[in-house]
Structures are given as structure tokens and as C-alpha cells.
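**Q** The following comprises the amino acid sequence and a computationally predicted model.
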Amino acid sequence: MEKIKQALDRARSLNESRDDLKFHPRLKDEQASIQTITYTQTKSIELNLEELRQKRILIGDTNDIISDQYKVLRTQVIQRMNKNNWKTLAISSPTEECGKTLTSINLCVSIAKDVNQSVMLVDMDLRRPNVHEYFYKHNKLGISDYINGDEALKDILFNPGLDRFVILPGNETIADSSEMLSSPRMRELVNEVKSRYQNRFIVFDMPPLLSCDDMLAFSPQIDAIMLVIEEGVTSKQDLKRSYDLIDKNKILGVVLNKSLDATSKTSYY
């Protein structure tokens with residue numbers, strides 16, 4: 001019996017060491033509810049909240065109409081993802097400059113502020129990776145270092161100073177990006193983040209649909225797709241063309257960004 005107990009203890013220790021997070025569940029619930037996270041491997045970076053606000057990132061104590069709208073978006077996304085048992089979400093747009101990257105970041109920030117959720121943001125815009133530019137100025141490790149086999153995933157991830165939020169950044173532009181997105185090495189990456197972080201939503205910031213075929217090449221590996229459109233700029237024709245390109249069963253919804261109507265309303269508070 002003593003040998004069996006020792007074997008079980010070793011197995012339990014091994015399972016705990018595979019992840020870089022320690023979850024503390026609520027005792028009253030049978031299902032684990034993510035409350036406090038201690039990062040043991042993922043590096044955390046110190047951020048200037050004022051600089052983030054200037055870049056329109058909603059980390060920190062925020063109580064305004066924009067934050068409220070992101071909370072509404074967060075709740076809708078979580079409910080629809082849970083209803084379909086989805087964990088991976090790709091965010092794209094029909095064309096450039098619709099605000100898909102900023103929407104991706106702030107949606108993840110809002111999800112992470114929900115104590116019952118945890119989220120990872122992956123910069124999968126291999127042609128123009130720029131998620132990292134919102135958080136630090138100097139080039140650091142990114143997805144290209146993993147793809148080339150130079151760095152382990154745990155050495156690339158970083159926590160932007162907010163519990164329950166981890167980012168896998170890009171850095172260098174990758175040639176033949178659509179081929180890379182459908183390659184075995186990329187499937188290995190997606191499978192690793194899925195298996196390593198089973199309790200997380202994984203959000204992929206993707207290139208615009210009508211600019212290249214990257215989103216189409218990557219779509220078999222994700223559960224759901226959300227489009228970001230810009231009011232007064234995105235045409236009905238471009239939106240229809242985007243819908244025609246993607247699997248209708250994977251469409252989670254559309255976000256209307258830069259809406260003049262939202263800024264004209266007063267906050268509840």
C-alpha cells in the first residue's frame with residue numbers, strides 16, 4: 001500500500017508541474033472556479049497604466065461607458081462559447097484598420113477581470129504582429145522563436161500584470177504565413193496551448209479576411225470566429241464577402257467598432 005501511495009503522489013506532483021498556474025477552487029462548487037493565480041514560470045512585466053490608457057487598453061480600475069460595453073461583449077462571448085463548448089476564438093475583420101487587435105486585447109482584459117474565467121491571447125497575425133507593441137517597446141521573444149524551434153513556449157508567454165491573463169506575442173514577420181498557419185508545427189503549437197491550458201479561453205488575433213488567405217488557412221484549428229467592423233468604413237459588400245468565405249457554423253458574431261452612437265450616450269453612473 002505504501003508503494004501505491006508513493007506512486008500516486010509522484011503522479012500528482014507531475015501533473016501539477018506541467019502547468020505554470022496554481023488554481024484555488026471555491027470549496028462550495030464541484031467545478032473549479034478560478035480565483036487566485038500564482039505565476040511560477042510565465043514572466044510578468046511591469047506596465048505603465050497611464051501609457052496603456054493612452055493606447056486605449058482598459059487594464060486598471062475603469063468605470064466608463066467603453067468598459068461597460070466590453071463587459072456586455074464579454075458576457076455574450078462567454079455565454080455563446082460555453083453553450084457550444086467552444087474554447088478557441090479567432091478575431092478578424094474584413095479589411096485593415098477596423099480595430100481588431102485593440103478589440104482582441106480589451107476583450108481578453110474584460111474576460112480576465114471575471115474571477116471565474118482565464119484567457120490567453122495569441123498574436124496570430126504573422127504578417128503584421130503588433131499585440132506586443134501595446135505592452136513594451138523593445139522586441140522580445142515571440143511565436144517565430146517557437147516555430148523555429150529556438151525557444152520553449154513557457155519562455156515566450158508573459159503576464160501583463162493582470163490575473164488570469166497570459167499573452168503569446170508575435171515579433172518578427174513570418175514569410176509564407178498561410179503555409180505556416182496550416183503546417184504541422186503550427187498545429188503542434190495550437191494543440192500545446194489547448195492541452196496545457198484546458199480551463200482557458202484562447203483568443204487568436206488574426207489578419208483581415210479579405211487581405212490574405214491566412215484566416216482561411218487557420219480556420220480548421222479554431223472553434224469560433226468573430227468579426228470586427230468599423231462604422232462608416234466597412235461596406236456591406238465587404239462584410240458579405242467575409243461571411244461567404246468562412247464556415248457559417250463557426251460565426252460567433254460581429255462587433256461594431258468606433259460607433260458614434262456609443263459615445264453619444266451617458267454612463268449609468
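**A** Nice, I can see it. Numbering: from 1, shown residues only.

**Q** Tell me which stretches of the protein form helices.
**A** For the chain, the helices defined by DSSP state H cover 2-17, 49-54, 65-83, 100-113, 143-147, 177-181, 184-196, 214-218, 236-245, 260-263.

**Q** and the longest one, what does it pack onto?
**A** Counting contacts by 3 or more CB pairs under 8 Å, 6 or more residues apart in numbering; DSSP states H and E, helix 65-83 is packed against helix 100-113, strand 224-230, strand 251-257, helix 260-263. For the C-beta atoms, the positions are set from N, CA and C on the backbone; glycine is no exception.

**Q** what angle do that helix and strand 224-230 make?
**A** 160 degrees (axes from the mean of the first three to the mean of the last three CA atoms, to 10 degrees).

**Q** so for helix 65-83, what's the average pLDDT?
**A** Across helix 65-83, pLDDT averages out at 93.

**Q** Check the offset of it from the chain's centre.
**A** In terms of CA atoms, centre = their mean, to the nearest Å, the centre of helix 65-83 is set 14 Å apart from its chain centre.

**Q** quick one: buried residues of it?
**A** 67, 68, 69, 70, 71, 73, 74, 77, 78, 81 (16 or more other CB atoms under 10 Å).

**Q** Would you reformat the residues you listed as JSON lines and include distance to residue 138?
**A** Compiled in JSON lines, these are given as follows (distance: CB to CB, whole Å):
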{"residue": "67", "distance to residue 138": "29"}
{"residue": "68", "distance to residue 138": "34"}
{"residue": "69", "distance to residue 138": "32"}
{"residue": "70", "distance to residue 138": "28"}
{"residue": "71", "distance to residue 138": "33"}
{"residue": "73", "distance to residue 138": "31"}
{"residue": "74", "distance to residue 138": "31"}
{"residue": "77", "distance to residue 138": "32"}
{"residue": "78", "distance to residue 138": "34"}
{"residue": "81", "distance to residue 138": "34"}
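
**Q** can you tell me which residues contact residue 255?
**A** The contact partners of residue 255, taken as CB atoms under 8 Å, 6 or more residues apart in numbering, are 73, 103, 226, 227, 228, 229.

**Q** what's the nearest residue to the second one if we skip its chain neighbours?
**A** Pointing back at residue 103 there. Spatially, and ignoring its direct neighbours in sequence, residue 103 is nearest to residue 228 (4.9 Å; CB to CB, 6 or more residues apart in numbering).

**Q** Of the contacts of residue 255, which is the nearest to residue 44?
**A** The nearest member of the contacts of residue 255 to residue 44, counting by CB to CB, is residue 103 at 23.9 Å.

**Q** What's the local residue count around the closest one?
**A** Residue 103 sits with 20 neighbouring residues when counted by other CB atoms under 10 Å.

**Q** Likewise for residue 116?
**A** Residue 116, neighbours per other CB under 10 Å, totals 14.

**Q** Look up how far residue 74 lies from it.
**A** Remark: distance between residue 116 and residue 74 (CB to CB, to the nearest Å) = 11 Å.
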